[in-house]
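In: Fold the following, please.
(one chain, ligands or ions: 1)
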Amino acid sequence: MSGENAPQGMGAPRPETRARLDALQQALEETSRRQAGYPANLAYDYSALTPFLQYSLNNIGDPFHESNYAINSRAFEREVIAAFANLMHLPAEAAWGYVTSGGTEGNMYGLYLARKLHPDGIVFFSQDTHYSVLKNLSVLNMRNIMIKSQENGELDYDDLFETVRIHRDTPVIVMANIGTTMKGAIDDLGRVRAILEDLAIASHYIHADAALSGMILPFVDDPQPYGFDAGIDSVSLSGHKVIGAPLPCGVVLTKREYVNAVARSVEYLGTLDTTVPGSRSGFTPLILWYALEHYGLDGLRRLVGDMLDMAAYAVERFNENGIPAWRNHNSVTVVFPRPSEEVVRRWQLAPLGDIAHVITMPHITRETVDEIVDACATDAGSTRT
Ligand SMILES: *Cc1c(COP(=O)(O)O)cnc(C)c1O
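Out: Reported below is the predicted structural model:
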């Protein structure tokens, strides 16, 4: 947008403005290097997309319908949805979805659809479920029951069975975790479905919160069941986690037939109002599209393989130092006893109660792991026994 369309009145920043931005940038450089507890891949380069920051991209409404607002990246968004549908074992022609603002919105969408399809349904979810789900349930005002978790963070299937048994007369909506936030646990979709079958539950819906592990399991040799072939009805994934993105984003996917239940045409937009937000970023779909182009499936397999190797390395190093760290199968979340606040703060270790974790995202090197293990091992304030 150079030449006659160049923005007016926003030339070079004033020196004070520049100084504030420089100081922020320097601080971000520093904190990014020591970000080890949150599942965000910080190792990326999207500079090829910088020119697109000059356009007011807006993918308002349904990505599968054209909109009156022509400055958009809908065609790219549809390619992203098709690629994710493929990863989630849903034929592209049967798939519907859109690029969200993150995992929370995708979870909200799944629950919203579930309620449209089963207005009287009760939502069952484990204790280890992400906090966004409780918030979403409150926003949507859906009846819900929390199920116990096992020590490793996975659903307690006996508790699920007993609780669903008592409510056999109501549709069952299961919020399954494909990688819990704290422990990276994966709920066994086979067992969940077996419970629904054993109890002859006619109306049911399974939403998978696959924020992190949804981008891991498609790339390992022995994945736990996770996709539409395993019986899920919708899934939410994060884009800024494994793939990495400078703007939070994600993908929600479901079956096209379900969405007809919520579709409503809006003449003013010339599109369908099938999404939670109205205006949506047209830039984040470009980020995901570019990452998929850049890595390809082989590149993502390597990326994920390296993350898992680093997680194995971290567990080994912790254990060598007498710290009982562990991780779930196919998980990059390494759980260990909560160290002192100083160590937690220095490495942004995302603590909960008496545990903390390191998530071996691609920017986490062996040196970083070694530094964290050393800090924990020499940590006087460690709660480890
Ligand atoms: C990160 C995460 C979310 C939320 O994702 P946002 O992108 O932060 O909204 C939901 N569920 C799980 C399991 C997560 O790890």
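In: quick one: contacts for Ala70?
Out: Residues near Ala70 by CB atoms under 8 Å, 6 or more residues apart in numbering: none. Every C-beta, even on glycine, is put in place using the N, C-alpha and C of the backbone.
In: Could you say which helix or strand holds it?
Out: Ala70 belongs to no helix or strand when assigned by DSSP states H and E.
In: For the stretch 151-300 of the chain, list the residues in contact with the ligand, please.
Out: Gly179, Thr180, Thr181, Asp209, Ala211, Leu212, Ser238, Pro248, Gly250 (CB under 6 Å from any ligand atom).
In: Now the fifth one. Nearest residue, chain neighbours left out?
Out: Closest residue to Ala211 in three dimensions, ignoring its sequence neighbours and counting by CB to CB, 6 or more residues apart in numbering: Gly103, at 3.7 Å.
In: Check what pLDDT that neighbour gets.
Out: Gly103 is assigned a pLDDT of 95 by the prediction.
In: Of the residues of the stretch 151-300 of the chain next to the ligand, which is the nearest to the ligand?
Out: Each of those was scored against the ligand by CB to the nearest ligand atom, and Ala211 proved nearest at 3.3 Å.
In: about what we covered before: if you rank the residues of the stretch 151-300 of the chain next to the ligand by neighbours, which is first?
Out: Gly179 (31 neighbours; other CB atoms under 10 Å).
In: list the contacts for the closest residue to it other than its chain neighbours?
Out: Nearest residue to Gly179, sequence neighbours excluded (CB to CB, 6+ apart): Ser213, at 2.8 Å. Neighbouring residues of Ser213 by CB under 8 Å, 6+ apart: Ile178, Gly179, Gly184, Ile186, Tyr226, Asn330, Ser331.
In: SS state for Pro63?
Out: coil (DSSP: H, G, I helix; E, B strand; the rest coil).
In: where does the protein have low pLDDT?
Out: Judged against pLDDT under 70, the low-scoring parts of the chain cover residues 1-9, 261, 264-271, 380-385.
In: At which residues are the strands of it located?
Out: In the chain, the strands defined using DSSP state E lie at 95-100, 122-126, 144-147, 172-177, 204-209, 234-238, 250-255, 265-266, 271-272, 333-337, 355-359.
In: Who are the packing partners of the last one?
Out: Put plainly, it is strand 355-359. strand 333-337 (3 or more CB pairs under 8 Å, 6 or more residues apart in numbering; DSSP states H and E).
In: try the second one
Out: For strand 122-126, the elements it packs on are strand 144-147, helix 157-166, strand 172-177, judged by 3+ CB pairs under 8 Å, 6+ apart.
In: which other residues reach the second one?
Out: Translated: helix 157-166. Against helix 157-166 from outside (CB under 8 Å, 6+ apart): 124, 145, 147-148, 172, 174, 188, 191-192, 195-196, 198-199, 201.
In: tell me which of these is nearest to Arg338?
Out: Using CB to CB, Lys148 comes nearest to Arg338 of these, at 22.0 Å.
In: wait, isn't the closest one in contact with Gln127?
Out: Yes: at 6.0 Å, Lys148 counts as touching Gln127 under the criterion of CB atoms under 8 Å.
In: picking that back up, most tightly surrounded among the strands of the chain?
Out: Of these, the one with the most neighbours on average (mean count of other CB atoms under 10 Å) is strand 234-238, at a mean of 29.
In: Next, the angle strand 172-177 makes with it.
Out: For strand 234-238 against strand 172-177, the angle by axes from the mean of the first three to the mean of the last three CA atoms, to 10 degrees is 20 degrees.
In: Please name the residues that touch Gly227.
Out: Contacts of Gly227 (CB under 8 Å, 6+ apart): Leu87, Met88, His89, Leu90, Pro218, Val235.
In: Distance check, it against the ligand.
Out: Counting by CB to the nearest ligand atom, to the nearest Å, the gap from Gly227 to the ligand is 17 Å.
In: on that earlier part again, return the member of the contacts of Ser213 nearest to the ligand.
Out: Gly179 (5.8 Å).
In: Report the contact partners of Phe336.
Out: Phe318, Ile323, Pro324, Ala325, Trp326, Ile355, Ala356, His357, Val358, Cys376, Arg384.
In: and of those, the nearest to Ala114?
Out: Using CB to CB, these come closest to Ala114 at His357, 29.4 Å.
In: give the contact list for the closest one.
Out: Per CB under 8 Å, 6+ apart, neighbours of His357: Gly37, Met182, Lys183, Thr333, Val334, Val335, Phe336, Leu349, Ala350.
In: residues touching the spatially closest residue to Ala230 that is not a sequence neighbour, list them.
Out: Closest residue to Ala230 apart from its sequence neighbours, by CB to CB, 6+ apart: Leu189 at 4.3 Å. Taking CB under 8 Å, 6+ apart, we find Leu189 in contact with Ala176, Ile206, Ala208, Gln224, Pro225, Tyr226, Ala230, Gly231, Ile232.
In: Look up how far Ala210 lies from Leu189.
Out: In this structure, Leu189 and Ala210 are 11 Å apart, going by CB to CB, to the nearest Å.
In: Spell out which residues are contacts of both of the two.
Out: Once CB under 8 Å, 6+ apart is applied, the residues that Leu189 and Ala210 both contact turn out to be Tyr226.
In: quick one: which two of the residues of the stretch 151-300 of the chain next to the ligand are the most distant?
Out: Thr180 and Pro248 (19.4 Å).
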